[in-house]
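**Q** generate a structure from the sequence data that follows.
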Amino acid sequence: MAVPVSNIYYLLCYAWNQLEARGLVDVGAVSGNRIENLLGSVLCHAVADLIRRGLDRGYVPFEEEGRRLRGKLLLSEVVKRTMLQRGRVVCSVDDLSHDVPHNRLIKAAMAVLVGLPELDRELRVTLRSLRRRMDTVTDIDLSPAAFRNVQLHRNIVRYAFAVNVCSLIARSLLPDEKTGDKRFHPFTASEQEMGLLFQAFVRNFLQREQDVFQVSGRSVPWDIDPADGSDSSWLPQMLVDVMLTNSDRRVVIETKYYATPHQKRYGRRTLISNHLYQILTYVSQLHATPGPAPVGVLLYAGAGEQQRLDYRIGSHELLVRSVDLNRDWREIHRGLIALTHELER
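**A** As a prediction, the model looks like this:
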């Protein structure tokens, strides 16, 4: 499913709860509608802003050899290297430096983008220039391990958006089956990655943009008799993507991102069986708990084709709706708001 990069950017801003970044770049001017150029543009603006405001610094330990004590004495090293006879010692010293994990990560992500042949030439020039301005930061490979030491406390929350972009770039680096070398495969080509993005977008959008319902993502309890059955801890948790509640309604929304949101059986199109079984299970189990009768919604990310189906299966109400991610962003916004008003009735 091909989604315009301008809409991908809005999805990311909502999914990461970084709406203030919506005006960071002119998404309409992204060259070639390519995700590499979107990520490069965002990282250029984000890093330029970090440099303008001053890159974060932290205390970085390093070993220092000399004739005087400074910091922490490394006695085992002194003994092993027989340094006392020469009147010298080895100490571990903490130095205030820009060479901290989050700066290394950003520099590594820029290096990956610079190496992509499809990247816009002007972006490549700008990214190289920004990397040179981080010359005191160590070069590392961009890998999952590089994120483990990154801790963004509230004093450096301004790094959050750039680090999220770096994470997307890292997850788009997949090993080549023949050579084993890492190649860039845009996260937008992965239904799993885009499914998680679409889910986070819908949940955070509804939290921010409407006041009809309270929004949560929570588990649905199993309707079991604890006195007549096995250990309930063996039952898997039923975690719903989005739960909407108010005094009159309970709505379970399951988001789905599929290039083909239907299956073909005997020459005709039908809903995907597993999706239907899943939402019906959630609704039926929730129905057994106190509160208004629940409504189930299968919400598909579409690209041109609209889904609008209404069913009552047994005593359960089920709706199938879609969000056309190829439309202008304002239409997407209006469509989701209209859905909440429809669910209110």
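**Q** for residue 256, report the pLDDT, please.
**A** On pLDDT, residue 256 comes in at 94.
**Q** got a list of what it touches?
**A** Shown in contact with residue 256 (Cβ atoms under 8 Å, 6 or more residues apart in numbering): 195, 198, 272, 275, 298, 299, 300, 301. (Each C-beta comes from the backbone N, C-alpha and C, glycine too.)
**Q** ok, so of these, who is nearest residue 164?
**A** Using Cβ to Cβ, residue 198 comes nearest to residue 164 of those, at 16.0 Å.
**Q** look up how far residue 187 lies from the closest one.
**A** According to Cβ to Cβ, to the nearest Å, residue 198 stands 12 Å off from residue 187.
**Q** likewise for residue 97?
**A** Counting by Cβ to Cβ - residue 97 and residue 187 are separated by 32 Å.
**Q** who has more neighbours, those two?
**A** It is residue 187, of residue 97 and residue 187, that has more neighbours when counted by other Cβ atoms under 10 Å, with 20 against 16.
**Q** the more buried one contacts residue 194, correct?
**A** Yes - with contact defined as Cβ atoms under 8 Å, residue 187 reaches residue 194; the gap is 7.3 Å.
**Q** ok, and the helix or strand in the chain with the lowest average confidence?
**A** In the chain, no helix or strand scores lower on mean pLDDT, DSSP states H and E than strand 72-73, which sits at a mean of 68.
**Q** next structured bit after it?
**A** helix 75-80 (DSSP states H and E).
**Q** centre of the chain to that next one, how far?
**A** On the basis of Cα atoms, centre = their mean, to the nearest Å, helix 75-80 sits 46 Å off its chain's mean C-alpha point.
**Q** stretch 200-218 too?
**A** How far stretch 200-218 lies from its chain's middle: 17 Å, per Cα atoms, centre = their mean.
**Q** ends of it, how far apart?
**A** 13 Å (Cα to Cα, to the nearest Å).
**Q** quick one: the helices in the stretch 201-345 of the chain, in order.
**A** For the stretch 201-345 of the chain, the helices defined by DSSP state H, counting those that start in this stretch occupy 273-287, 329-344.
**Q** out of those helices, which one sits most buried?
**A** Ranked by mean neighbour count, these are led by helix 273-287 with a mean of 17 (mean count of other Cβ atoms under 10 Å).
**Q** how about the CA coordinates for it, as CSV?
**A** What follows is helix 273-287, C-alpha atoms only, in CSV (Å, rounded to 0.1, in the frame of the first residue of the first chain):
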residue,chain,number,x,y,z
SER,A,273,-11.9,-14.6,9.0
ASN,A,274,-9.3,-14.0,11.8
HIS,A,275,-10.1,-10.3,12.0
LEU,A,276,-13.9,-11.1,12.3
TYR,A,277,-13.3,-13.8,14.9
GLN,A,278,-11.0,-11.6,16.9
ILE,A,279,-13.4,-8.6,17.2
LEU,A,280,-16.3,-10.9,18.0
THR,A,281,-14.4,-12.5,20.8
TYR,A,282,-13.5,-9.2,22.3
VAL,A,283,-17.1,-7.9,22.1
SER,A,284,-18.7,-11.1,23.4
GLN,A,285,-16.3,-11.3,26.4
LEU,A,286,-16.8,-7.6,27.2
HIS,A,287,-20.5,-8.0,26.9
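**Q** quick one: the strands in the stretch 101-250 of the chain?
**A** Along the stretch 101-250 of the chain, counting by DSSP state E, counting those that start in this stretch, strands occupy 173-175, 182-184, 214-216, 219-220, 238-239, 242-245, 250-257.
**Q** what strands flank the first one, and is each parallel or antiparallel?
**A** Spelled out, it's strand 173-175. Note on strand 173-175: by DSSP bridges, its sheet partners are strand 182-184 (antiparallel).
**Q** remind me which residues of this structure are low pLDDT?
**A** Filtered on pLDDT under 70, the chain yields the residue ranges 62, 71-75, 84-85, 93, 180, 304-305.
**Q** surely residue 31 and residue 37 touch.
**A** Yes - at 4.8 Å, residue 31 counts as touching residue 37 under the criterion of Cβ under 8 Å.
**Q** shared neighbours, those two?
**A** Residues touching both residue 31 and residue 37 by Cβ under 8 Å, 6+ apart: 120, 123.
**Q** so the two - more neighbours on which side?
**A** Neighbour count, other Cβ under 10 Å: between residue 31 and residue 37, residue 37 has more, with 21 against 17.
**Q** quick one: contacts for that one?
**A** Going by Cβ under 8 Å, 6+ apart, residue 37 touches 5, 30, 31, 119, 120, 123.
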